[in-house]
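> What would the 3D arrangement of this be:
(one chain, ligands or ions: 1)
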Amino acid sequence: MQALSPPPSSSSLSSSIVGTSRRRRPPTGPLVVHCIHRSYDSVNFPAGVVSSRSDWQSSCAILSSKVVGQEQPPESRSGGDNGPTAAAADSIASVNGHKTIDLDLVPIDKAAADGTATVGGGKPLTITDLAPAPMHGSQLRVAYQGVPGAYSEAAAGKAYPKCEAIPCDQFEVAFQAVELWIADRAVLPVENSLGGSIHRNYDLLLRHRLHIVGEVQLPVHHCLMALPGVRKEYITRVISHPQALAQCEHTLTKLGLQAAREAVDDTAGAAEYIAANNLRDTAAIASARAAELYGMQILADGIQDDCGNVTRFVMLAREPIIPRTDRPFKTSIVFAHDKGTSVLFKVLSAFAFRNINLTKIESRPHRNRPIRLVDDANVGTAKHFEYLFYVDFEASMAEVRAQNALAEVQEFASFLRVLGSYPMDMTPWSPSGGD
Ligand SMILES: O=C(O)C(=O)C[C@]1(C(=O)O)C=C[C@@H](O)C=C1
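I've put the predicted structure just below:
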């Protein structure tokens with residue numbers, strides 16, 4: 001992939017430009033924030049089955065409290081919410097039972113497609129829109145990064161079929177939309193089967209205080225598209241989200257396109273940008289729905305390098321859900337260790353001894369303490385990089401074996417946070433139809 005830079009923008013691709021053209025949402029009600037006063041002292045993880053919402057929430061708070069002091073000043077935390085709203089309660093049911101097999105796309109109205117609607121419509125939220133949240137109805141509101149037609153919007157529709165999807169111009173804004181009660185959930189892509197992890201989103205998970213309450217795995221079927229009448233030979237650049245470009249790299253080469261690749265914020269935004277600027281030398285990689293919404297013609301269908309092209313999204317909420325044992329659950333944690341990678345195997349053996357499968361391990365720089373110096377008078381100073389480890393494992397925090405494993409991890413860890421314990425996406429396999 002060549003050096004990627006966003007195209008000069010006069011449309012909603014760039015957050016600053018979007019910000020100037022957006023209408024602010026009028027506040028119609030007070031911002032409700034319940035402060036939770038937590039102790040920041042070290043507290044032991046409780047042994048035994050977590051039996052109630054309050055037990056589980058306090059377990060999360062206890063584990064979180066170890067990290068708060070190190071990762072974030074307490075005053076910068078979001079207010080938190082003590083009790084679920086009616087919408088949150090509704091959505092617990094829908095997360096726990098997300099049985100949707102077909103992608104149930106979120107309908108958007110014409111105004112949204114035209115880009116004239118605001119919240120819930122076509123234009124993404126920007127940081128300047130984040131005024132205190134008005135009260136809203138019982139429909140679940142799900143914030144995602146991108147514009148209508150983005151895969152994240154489809155993921156929101158798969159997780160919460162009747163939701164109102166709220167486009168945001170940045171992931172950070174989607175998080176804040178939930179923290180400020182503008183949205184009830186945020187949907188966040190974390191990894192793709194071809195492109196790998198979306199590292200920045202792991203960092204955001206730690207920086208914010210939201211809980212993972214569900215996951216969806218979305219088959220991603222990419223199309224190459226251009227304005228009607230434009231032929232492949234005229235294309236000098238292909239623009240899309242960097243993940244989408246990476247997922248189609250080999251196919252683009254096979255198609256014989258002599259085109260530079262350029263990264264933009266989201267796939268559907270790429271299509272919208274071409275349409276808005278009448279670019280006849282540029283193609284986008286995006287969904288068929290994006291082609292339809294922005295009047296693009298599909299030049300090639302199913303251009304992902306492998307039909308097993310799946311992106312995993314997590315859903316985030318202000319409150320954790322109560323973990324259960326009556327269906328497969330996954331738990332996501334993040335921890336750091338004083339001795340870094342050298343004792344990682346000991347930490348991970350806490351899961352192995354209990355036959356708990358790990359489905360994912362990711363390391364990220366420990367930005368608060370990036371280097372550990374190990375001095376040896378004879379040979380000098382070793383400089384080890386410090387990491388945070390993100391682990392997903394297949395067990396519910398309602399299971400004693402998972403609680404015991406975490407109690408053991410905590411003994412080794414300098415901090416440990418449970419990001420969430422949530423139902424696994426068990427949707428039957430349906431490949432995305434590439435070659
Ligand atoms: O740009 C989009 O449409 C997105 O929803 C983002 C995103 C990603 O971040 O990976 C989601 C799914 C695909 O893997 C490509 C892009």
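> ok, the closest residue to the ligand within the stretch 1-150 of the chain - contacts?
Distances between the stretch 1-150 of the chain and the ligand by C-beta to the nearest ligand atom are smallest at residue 150, namely 3.4 Å. For every residue, glycine as well, the C-beta is placed using N, CA and C. Contacts for residue 150 were tallied using C-beta atoms under 8 Å, 6 or more residues apart in numbering; they are 144, 167, 266-269, 286-287, 290.
> so which of those are also by the ligand?
When contact is defined as C-beta under 6 Å from any ligand atom, the contacts of residue 150 meet the ligand at 266-268.
> Name the member of those residues with the shortest distance to residue 365.
residue 266 (25.4 Å; C-beta to C-beta).
> Go through the ones next to the ligand among the contacts of residue 150 and flag which are in helices.
267-268 (DSSP state H).
> quick revisit: from the contacts of residue 150, which one has the minimum pLDDT?
Ranked by pLDDT, the contacts of residue 150 bottom out at residue 266, which scores 92.
> and the spatially closest residue to that residue that is not a sequence neighbour, backbone torsions?
Nearest non-adjacent residue to residue 266, counting by C-beta to C-beta, 6 or more residues apart in numbering: residue 146, 3.4 Å away. Backbone torsions for residue 146, taken as degrees, to the nearest 10, come to phi 130, psi -170.
> which ones are touching residue 146?
Contacts of residue 146 by C-beta under 8 Å, 6+ apart are 124, 152-153, 167-168, 265-269.
> With residue 328 as the reference, measure out to it.
The gap separating residue 146 from residue 328 is 29 Å, by C-beta to C-beta, to the nearest Å.
> secondary structure class for residue 245?
Classification of residue 245 by DSSP: H, G, I helix; E, B strand; the rest coil places it in helix.
> still on that earlier bit, in TSV: the ones next to the ligand among the contacts of residue 150, plus distance to residue 228 and neighbour count.
Output for those, formatted as TSV (distance: C-beta to C-beta, whole Å; neighbours: other C-beta atoms under 10 Å):
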residue	distance to residue 228	neighbour count
266	22	27
267	19	29
268	18	29
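> Which one of the ones next to the ligand among the contacts of residue 150 is nearest to residue 396?
Nearest to residue 396 among those, with distances taken as C-beta to C-beta, is residue 266, at 32.9 Å.
> show me the contacts for the closest one.
Counted by C-beta under 8 Å, 6+ apart, residue 266 has contacts 145-147, 150, 152, 241.
> Would you point out the most distant pair within these?
147 and 241 (11.5 Å).
> Comparing these two, which residue is more hemmed in?
A side-by-side neighbour count of residue 147 and residue 241, using other C-beta atoms under 10 Å, places residue 147 first with 36 against 27.
> list the helices and strands whichever helix or strand residue 409 is part of packs on?
According to DSSP states H and E, residue 409 maps onto helix 400-412. In terms of contacts (3 or more C-beta pairs under 8 Å, 6 or more residues apart in numbering; DSSP states H and E), helix 400-412 is packed against helix 53-71, strand 329-337, helix 344-352, strand 413-423.
> Average the pLDDT values over the longest one and round to the nearest integer.
The one in question is helix 53-71. 41.
> For residue 416, which non-adjacent residue is spatially closest?
Using C-beta to C-beta, 6+ apart, the nearest residue to residue 416 is residue 335, at 4.4 Å.
> Dump the C-alpha coordinates for the host helix or strand of residue 186 into PDB.
Taking DSSP H and E as the criterion, residue 186 maps to strand 185-192. The C-alpha trace of strand 185-192 is given here as PDB (Å, rounded to 0.1, in the frame of the first residue of the first chain):
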ATOM      1  CA  ARG A 185     -24.600   2.100  22.600                       C
ATOM      2  CA  ALA A 186     -21.500   2.600  20.400                       C
ATOM      3  CA  VAL A 187     -20.400   0.000  17.900                       C
ATOM      4  CA  LEU A 188     -16.600  -0.400  17.400                       C
ATOM      5  CA  PRO A 189     -14.700  -2.500  14.900                       C
ATOM      6  CA  VAL A 190     -11.800  -4.200  16.700                       C
ATOM      7  CA  GLU A 191     -10.400  -6.700  14.300                       C
ATOM      8  CA  ASN A 192     -10.700  -8.100  10.800                       C
END
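> next structured bit after that strand?
Per DSSP H and E, the first helix or strand lying C-terminal to strand 185-192 is strand 196-197.
> quick one: that next one near the ligand?
No. Using C-beta under 6 Å from any ligand atom, strand 196-197 never reaches the ligand; the gap is at least 9.9 Å.
> so how many other residues sit close to residue 152?
If we define neighbours as other C-beta under 10 Å, then residue 152 has 29 of them.
> do you know how far it is from the ligand?
Distance, residue 152 to the ligand, using C-beta to the nearest ligand atom, to the nearest Å: 3 Å.
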